[in-house]
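Q: Below are the sequence and a predicted model; questions follow.
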Amino acid sequence: MAIEVRIPTILRTYTDGAKQVEGTGATLDELITDLEQRHGGLRDRLVEGGGLRRFVNVYLNDEDVRFLAGLETPVRDGDTVTVLPAVAGGI
Amino acid sequence: MLTISRKLYDQIVAHARADHPDEACGVLAGSAGSDRPERFIAMLNAARSPTFYEFDSTEQFRVWQEMEDRDEEPVVIYHSHTATEAYPSRTDISLAAVPDAHYVLVSTRDEPATEFRSYRIVAGMVTEEPVSVVE
């Protein structure tokens, strides 16, 4: 088993078009590091300055990880991590 | 070109007017690959601001999951400008991250008139497109 990671359209250039990839790790941070091995450049789209990027939403199962432990959120086999770009704008 | 029913057009305009002077925002879902908006989904503006909008992240997850379950995708992402024209701002452009969506901008700066315009925003480039309202 591994951790299923769902990738939004805009980031599929890093996954050869795949909408779903797999990875391992004990925390979200480790998982992202693992994904970076096979999908170079993906980490930089998700992480900035030691934390998750402001307008990128990451969910562990159905919870926004900002309400859990951010990058330190524990993850395990069988979990689903979903990435969605925030929808926002303004003047 | 954006082809949209009169009903959905009116729902977007009504939402924008109701939330004025805060920016209103939402999605029109449609069958995946059809490029036809079918279902109106008003979203909470978590910023509740006259100058900024942002989907609530938990609500966004629920709505995106529901679209996935229904084999839909976000065909239109709309929001309103309450004091400026219905044209994407620099922030709108830099944050647009759904390349296949039609970005609809509505302006409620001049009551009762409402400007309604649509754009594609891909890799930082804005292209306005005609809007065809069908009965």
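A: Nice, thanks for sending it over. Numbers count the residues shown, from 1 in each chain, chains lettered A, B, ... in the order given.
Q: wait, A:F55 sits on A:P85?
A: Yes. With contact defined as C-beta atoms under 8 Å, A:F55 reaches A:P85; the gap is 6.6 Å. (C-beta placed from N, C-alpha, C; glycine too.)
Q: so B:G30 bridges to which residues?
A: Bridge pairing for B:G30 (DSSP bridges) gives the partners B:E73.
Q: Check it and give its pLDDT.
A: Per-residue pLDDT puts B:G30 at 98.
Q: next one: A:M1
A: 65.
Q: just B:P112 next, same as before
A: 82.
Q: Which residues of chain A lie near chain B?
A: With C-beta under 8 Å from any C-beta of the partner chain as the criterion, chain A meets chain B at residues A:8-10, A:55, A:57, A:59, A:62-64, A:66, A:82, A:84-91.
Q: Buried ones from those residues, can you make that a PyMOL selection?
A: To isolate in PyMOL the members of those that are buried, counting by 16 or more other C-beta atoms under 10 Å in any protein chain shown, one can use:
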select buried, chain A and resi 8+10+57+59+64+82+84+85+86+87+88+89+90+91
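Q: mind listing which of the residues of chain A next to chain B are in strands?
A: Residues from the residues of chain A next to chain B lying in strands, with DSSP state E as the criterion: A:N57, A:Y59, A:E63, A:D64, A:T82, A:L84, A:P85, A:A88, A:G89, A:G90.
Q: so what's the second one closest to, chain neighbours aside?
A: The spatial neighbour of A:Y59 that comes closest, neighbours along the chain excluded (C-beta to C-beta, 6 or more residues apart in numbering or on different chains), is A:T82 at 4.5 Å.
Q: Check the third one too.
A: Excluding its sequence neighbours, the residue lying closest to A:E63 (C-beta to C-beta, 6+ apart) is B:T58, at 7.8 Å.
Q: can you pull the buried residues of the one helix or strand the one you found maps to?
A: B:T58 is located in helix B:57-69, with elements delineated by DSSP states H and E. Under the neighbour-count criterion of 16+ other C-beta under 10 Å, helix B:57-69 has B:S57, B:T58, B:Q60, B:F61, B:V63, B:W64, B:M67 buried.
Q: Which helix or which strand is home to B:S80?
A: In this assignment (DSSP H and E), B:S80 forms part of strand B:72-81.
Q: and stretch B:76-87, anywhere near chain A?
A: Yes. Interface with chain A: stretch B:76-87 contributes B:I77, B:H79, B:H81, B:A83, B:T84 (C-beta under 8 Å from any C-beta).
Q: of all these, which two lie farthest apart?
A: Farthest pair in the residues of stretch B:76-87 next to chain A (C-beta to C-beta) is B:I77 and B:A83. Separation: 20.5 Å.
Q: Those two: which is more packed in?
A: B:I77 (22 against 13; other C-beta atoms under 10 Å in any protein chain shown).
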